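Enquirer: This is a predicted model, with the sequence first.
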Amino acid sequence: MSQQCFRMKGTTLTSIVLEVLHFEPDEFDTQLAAKIASAPHFFTRSSLILHLNATMSATEFELLVALCRRHQLQPMAIKGETDGLKATINDLGLADISQSKLSERSLTEAKAAEPEQTPEPVTETVTITKTTEVLKPAKIVARPVRSGQQVYADGSDLVILGAVSEGAEILADGNIHVYGTLRGRALAGVKGNTEARIFCQNMEAELVSIAGRFVMQENIQNKCWKQPAQAYLDADALLIEALTKRSADAIGE
C-alpha cells in the first residue's frame, strides 16, 4: 500500500483585504506606495485579497495585480465585481471567493464591524471562530523571535522570554506575554477569545490584535510607545495602555 502523500487542514489566516473603490493607475500606485511606507514590515510580502467595488476591464485588472506585486504584496484571491474577469483571474493563478464571507476589521483603528455594504478603504481580515475550548499549558519560547519567523500557540497562552523582531509574527489562542521588546506583530485570542490580553515589557509593535480587532503602529505610538504595556478589549474596543511599575516588574526585565 502506498503512503499517504498529503493531508488537508483548516487554518486561521491573517490577510489584508484591499478594497478597490475606483482604479486610476497612477493615483493607485502613489497611494499604495505611501500606505506600505507607513508600515513596511507589516505590508511587505503580505497575502492580499482584492475586493473590487467597481467593474474593471481585464486589462485594468491585470495592471492592478501587477502594481500590487511590484510593491511586494501577494494577491491570492479576488471578490466583489468579478463578472467578465473569470478567465483573467484563472490565468493569473488567483481564486475567486466572491461567495465567501469574510470578517473584516479596520487597519487604522480597531472598532466594531461595519455592515459589508459600508466599505473602508483598506481592511484587515482574520477568520474568527468562537471557541470554549479549555486552554493547554502555555507555550514557552526561550529564544528571540527573528524577522520572518512565525510562532503560534495552538490552544494555549504564548510566553516569549526574549524580544520579537520587526517582521516577526506571534499568535496565540490565549494570552501573549513578551518579556522583551515587542517590535513585530502580536495577535492574541485568534479563535475569538475576547478575554485574551497581550503584555510586553517594551511596546514597539507593528500591530497588535485581540480576537480580530486591530491597532497598527501609528496609533500605538500615540499611547505607550517604548513602555511596558498591555492590550485588551473593553466591550468591542481594543485598548492599549501603559502598565504601572508594579505590573511591569511582575513581567520581568
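Expert: Right, received. Where do you want to start? Residues are numbered from 1 along each chain as shown.

Enquirer: Am I right that residue 72 is in contact with residue 45?
Expert: Yes - at 5.6 Å, residue 72 counts as touching residue 45 under the criterion of C-beta atoms under 8 Å. For every residue, glycine as well, the C-beta is placed using N, CA and C.

Enquirer: Residue 139 is in contact with residue 153, isn't it?
Expert: Yes - between residue 139 and residue 153 a contact is recorded at 3.9 Å, counting by C-beta under 8 Å.

Enquirer: what about the strands in the stretch 1-150 of the chain?
Expert: Along the stretch 1-150 of the chain, counting by DSSP state E, counting those that start in this stretch, strands occupy 14-20, 47-52, 74-80, 95-96, 104-106, 122-126, 136-141, 150-153.

Enquirer: looking at the ones you listed, which one has the lowest mean pLDDT?
Expert: Of all the strands of the stretch 1-150 of the chain, strand 122-126 carries the lowest average pLDDT, namely a mean of 44.

Enquirer: quick revisit: looking at residue 139 and residue 153, which is more packed in?
Expert: The neighbour comparison of residue 139 against residue 153 (other C-beta atoms under 10 Å) goes to residue 153, with 25 against 19.

Enquirer: what's across from that one in the sheet?
Expert: Assessed by DSSP bridges, residue 153 has beta-bridge partners residue 172.

Enquirer: And for the one 5 residues further on?
Expert: Applying DSSP bridges to residue 158 yields these beta-bridge partners: residue 139, residue 176.

Enquirer: For it, list the residues it contacts.
Expert: 138-139, 141, 151-152, 170-172, 174-177, 188 (C-beta atoms under 8 Å, 6 or more residues apart in numbering).
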